[in-house]
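**Q** Turn this into a model:
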Amino acid sequence: MRENQYQQDLKKRIKERIPDCRIFKNDSMDVQGFPDLSIHRCGKVAYLEVKRSPREKKQPNQEYYIETLSKEGAFASFIFPENEKETLDAMERALGAKG
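**A** Next up is the predicted model:
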């Protein structure tokens with residue numbers, strides 16, 4: 001599966017799990033390495049860098065942004081099919097969407 005198809009399917013699954021969230025696709029041409037998706041809910045934000053697999057090469061600055069955004073208090077993570085459930089569960093908790 002291509003990354004863009006996985007990303008589209010992932011956005012649908014996120015909306016199923018957190019219907020009241022807003023999902024934004026970030027433009028990598030604007031800020032190189034910034035996570036692919038921003039998910040907003042009730043004043044909280046999460047960032048996901050979408051990969052097809054855990055072995056896929058990371059682009060320059062991707063790890064930097066995931067680490068920096070996490071240190072600033074946002075949920076930020078790499079996501080791929082093999083860690084999707086755990087990552088989405090943690091993201092729901094961080095956004096206050098799962099009680």
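
**Q** When you work out contacts or count neighbours from here on, use the C-alpha atoms and nothing else.
**A** Fine.

**Q** any idea how far Glu72 is from Phe80?
**A** 23 Å (Cα to Cα, to the nearest Å).

**Q** Between the two, which is the more surrounded one?
**A** Phe80 (22 against 9; other Cα atoms under 10 Å).

**Q** my guess is the more buried one meets Leu48, correct?
**A** No. Look at Phe80 against Leu48 with Cα atoms under 8 Å: they stay out of range, at 9.7 Å.

**Q** remind me which residues of this structure are low pLDDT?
**A** 1, 98-99 (pLDDT under 70).

**Q** how about the helices in it?
**A** 3-17, 62-71, 84-94 (DSSP state H).

**Q** quick one, which of the ones you listed is nearest to Ser28?
**A** helix 62-71 (10.4 Å; Cα to Cα).

**Q** Who are the packing partners of that closest one?
**A** Helix 62-71 is packed against strand 44-50, strand 75-79, with contacts defined by 3 or more Cα pairs under 8 Å, 6 or more residues apart in numbering; DSSP states H and E.

**Q** Please identify the deepest-packed of those strands.
**A** By mean neighbour count, with neighbours taken as mean count of other Cα atoms under 10 Å, strand 75-79 ranks first of the helices and strands packed on helix 62-71 at a mean of 23.

**Q** Now do that strand against helix 62-71, angle only.
**A** Orientation of strand 75-79 against helix 62-71 (axes from the mean of the first three to the mean of the last three Cα atoms, to 10 degrees) gives an angle of 150 degrees.
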